[in-house]
Each structure stands twice: as C-alpha cells, then as structure tokens.
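1. Mind looking at a prediction? Sequence and model below.
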Amino acid sequence: MRILFMGTPDFAVASLQRLLSDGHEICGVFTQPDKPKNRGMKMTFSPVKEYALSQGLPVYQPLKMKDGLTLDLVRELAPELIVVAAYGKILPDAILTLPKRGSINVHSSLLPKYRGAAPINWAILNGEEETGVTIMCMARELDAGDILHVKKTEILSGEDAASLTARLAQLGAEALSETLTLMEAGKLTPTPQDHSAHTYAPMLTRELSPINWDKSAAAIDCQIRGLIPWPCATTVLNGKTAKIYAAALGAETTAPAGTIVAVGQQGIEIACGDGQTLRILQLQAEGGKRMAAADYLRGHPIEMDHE
C-alpha cells in the first residue's frame with residue numbers, strides 16, 4: 001500500500017519500522033520541524049526524522065497544515081492512506097479525506113478513554129490497571145473517530161510512563177500491521193466510539209510536579225511514575241527541590257504526612273496521608289545528576305523528623 005506517514009517521537013518510530021518491514025511503500029514522512037535542544041540549543045532532528053533519513057525516505061516538515069501548500073504536497077505524493085502516530089499537529093479535513101482509504105491514527109489508549117496529548121501518562125497518574133492502543137479513523141474532533149482495531153495490555157507493577165511508552169510503541173506497531181492486513185482484505189468493520197464515555201488526557205505541565213504528602217502512598221507512587229521522564233514529581237529535601245524518579249511503597253506509620261521517618265541504604269522513607277510510607281529510591285537534586293537515594297544521602301545527610 002502507498003502510505004504517507006506522519007509522526008514525531010520515539011513512539012512513532014516503531015510503527016514506521018513495521019510499515020517498512022511489512023513491505024508498504026512509504027511515499028513520504030511528515031514530522032515536526034527541527035527544534036533547539038539542551039544548553040547548547042543545537043538544532044536536533046525528531047526520532048522519526050532520524051529513522052526516516054536512515055532508510056532513505058523523503059522527509060517533509062511543514063510549518064502549517066492549512067496554508068494550502070501542504071495540501072498540494074499531499075496531492076503530489078498521492079498516498080492511498082495516511083498513517084498518523086503522535087505527529088503533534090492537527091490535520092485539516094481536506095488532508096484527512098484526500099487518500100482513497102482515508103487517514104488512520106495509532107493512539108496510545110483504549111478509546112474513548114484518554115483522548116488527547118498525554119494518554120500514557122494520565123493512565124498511570126490515575127492508577128489504571130490496564131491500557132493499550134487503538135487504531136482509529138481520523139475525524140475532525142480530536143481522537144473521536146471510529147475504532148478499527150484495539151490491543152490491550154496490563155500496566156505492570158512499578159512501570160513508569162517511559163517504559164510503558166516503549167511497550168505501547170511496539171504494541172501499536174503490531175496493531176497497525178494487523179489493521180492494514182484486514183483493510184487490504186476488506187475485513188475491517190469500523191465501530192463508532194461511545195462519546196458519552198470519553199475522558200481527556202491534557203498536556204502535562206510543571207504544575208503537576210509538586211508532591212502533596214497528604215495523598216495516599218499509592219497515589220503519590222502513581223504521580224512519580226506517571227510524570228517520567230518529564231516534568232517529574234518533585235519534593236523539597238534539605239530546603240531544595242528534588243526530582244523524584246523512582247519510589248516504592250513502604251510500611252505503616254503513625255507519623256504525620258510529609259514526615260521523614262527513615263533514611264539509609266534503602267532510601268528516604270516519608271509518611272503519606274493514608275498512614276503508609278513511600279520510600280524514595282532515585283532522585284535528582286537541583287543542579288545535580290540522577291542518582292540512587294542512598295548515594296544522595298552520602299553528600300546530603302538528612303536529619304529524620306521522626307524517631
């Protein structure tokens with residue numbers, strides 16, 4: 001099948017790889033414009049652009065989708081189908097409907113739950129036990145098109161958003177491959193979403209970072225795992241803000257929420273609002289590197305609030 005692929009982050013690379021390995025003709029790859037990164041502000045390519053160039057695929061990075069020029073380009077490329085995976089731009093109807101087989105999207109949630117920009121993060125933040133990928137027809141309303149194919153997976157104990165994203169990328173590639181096989185065989189049956197059951201997964205912000213120790217240990221653990229790799233959950237240690245990268249549920253305690261009840265090789269144990277502790281295992285202090293909590297304590301001793 002002649003396919004125009006649109007995607008930007010690592011999540012999308014797996015789908016593009018699968019399209020190529022399945023023998024589809026990729027007539028072009030759309031990805032977000034190059035952006036400056038890190039302290040040197042060096043212009044960097046998106047993961048999709050890097051992979052596409054390595055495979056000799058033509059790459060396009062339109063700044064606008066509604067200026068008419070992008071529509072002309074899509075007409076010129078003449079795809080049978082547009083496949084979108086975490087592209088990061090909204091496509092106008094004229095582009096969505098141009099290919100004879102339409103446009104489909106690889107979305108990392110079990111629609112209609114978690115429409116929007118950060119479905120993987122919000123599934124973990126909200127303590128979901130299951131998630132998955134949905135292949136859907138693209139429609140004018142965000143992530144509201146008919147469902148073509150679904151694959152589910154359990155959210156593993158201790159799994160953070162970065163590791164779950166990597167797993168869902170592979171699951172999405174499998175779901176996409178299966179969908180196109182059914183499409184070519186004429187065996188796809190689109191299923192309308194139950195719009196009354198939809199939930200939204202908005203973009204992450206730094207306002208989500210500060211830990212409120214009055215919450216339960218399980219809720220804070222979900223916050224930590226759900227905000228990896230950005231913006232990361234934070235708390236104040238020794239008067240300075242630290243990013244928390246990993247934690248584990250601890251023991252029961254009668255100490256007030258936010259009390260540091262133990263420090264040592266096992267980490268930094270802090271009382272939560274439900275009478276359970278959470279043990280910080282990995283963190284990054286201001287201006288420092290990511291490290292084990294035990295290593296942090298060697299250079300930043302903490303006095304326990306509670307014996």
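-> Right, received. Where do you want to start?
2. so how far is residue 95 from residue 65?
-> Distance, residue 65 to residue 95, by CB to CB, to the nearest Å: 7 Å. Yep, even glycine has a C-beta here, placed from its N, CA and C like the rest.
3. Neighbour count for those two, which is higher?
-> residue 95 (22 against 19; other CB atoms under 10 Å).
4. Can you name the residues that contact that one?
-> 65, 70, 71, 74, 82, 103 (CB atoms under 8 Å, 6 or more residues apart in numbering).
5. Need the residue closest to the centroid of this protein.
-> Centre of the chain computed as the mean C-alpha position; nearest residue by CA atoms, centre = their mean is residue 120, 4.7 Å away.
6. Helix, strand or coil: sort out it for me.
-> helix (DSSP: H, G, I helix; E, B strand; the rest coil).
7. tell me the contacts of it?
-> 108, 109, 131, 161, 164, 165, 168.
8. if we go to 7 Å?
-> Residue 120 makes contact with 108, 161, 164, 165, 168 under the criterion CB atoms under 7 Å, 6 or more residues apart in numbering.
9. which residues sit against the longest helix that the chain contains?
-> When the chain is parsed with DSSP state H, its longest helix is helix 161-184. With CB under 7 Å, 6+ apart as the test, helix 161-184 has contacts from 1, 10-11, 14-15, 17-18, 22, 83, 85, 101, 106, 108, 120-121, 124, 132-133, 135, 148-149, 151, 153, 155, 188, 225-226, 228-229.
10. Selection in ChimeraX covering whichever of those are buried, please.
-> To isolate the buried ones among the contacts of helix 161-184 in ChimeraX, judged by 16 or more other CB atoms under 10 Å, type:
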select :1,10,11,14,15,18,83,85,101,106,108,120,121,124,132,133,135,148,149,151,155,188,225,226,228
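11. the helices in the protein, which residues?
-> Going by DSSP H, the chain shows helices at 10-21, 47-54, 69-77, 93-96, 119-125, 161-184, 217-226, 293-299.
12. Low-confidence stretches in this structure?
-> Applying pLDDT under 70 to the chain flags residues 39-40, 305-307.
13. swap the cut-off to 50 and go again
-> 306-307 (pLDDT under 50).
14. Would you map out the domains in it?
-> As assigned by automatic domain parsing, the chain contains the domains 2-201, 206-299.
15. What is the nearest of the contacts of residue 95 to residue 37?
-> If you rank the contacts of residue 95 by distance to residue 37 using CB to CB, residue 65 comes first, at 23.4 Å.
16. Quick one: residues contacting that closest one.
-> So residue 65 contacts 89, 90, 91, 92, 95 (CB under 7 Å, 6+ apart).
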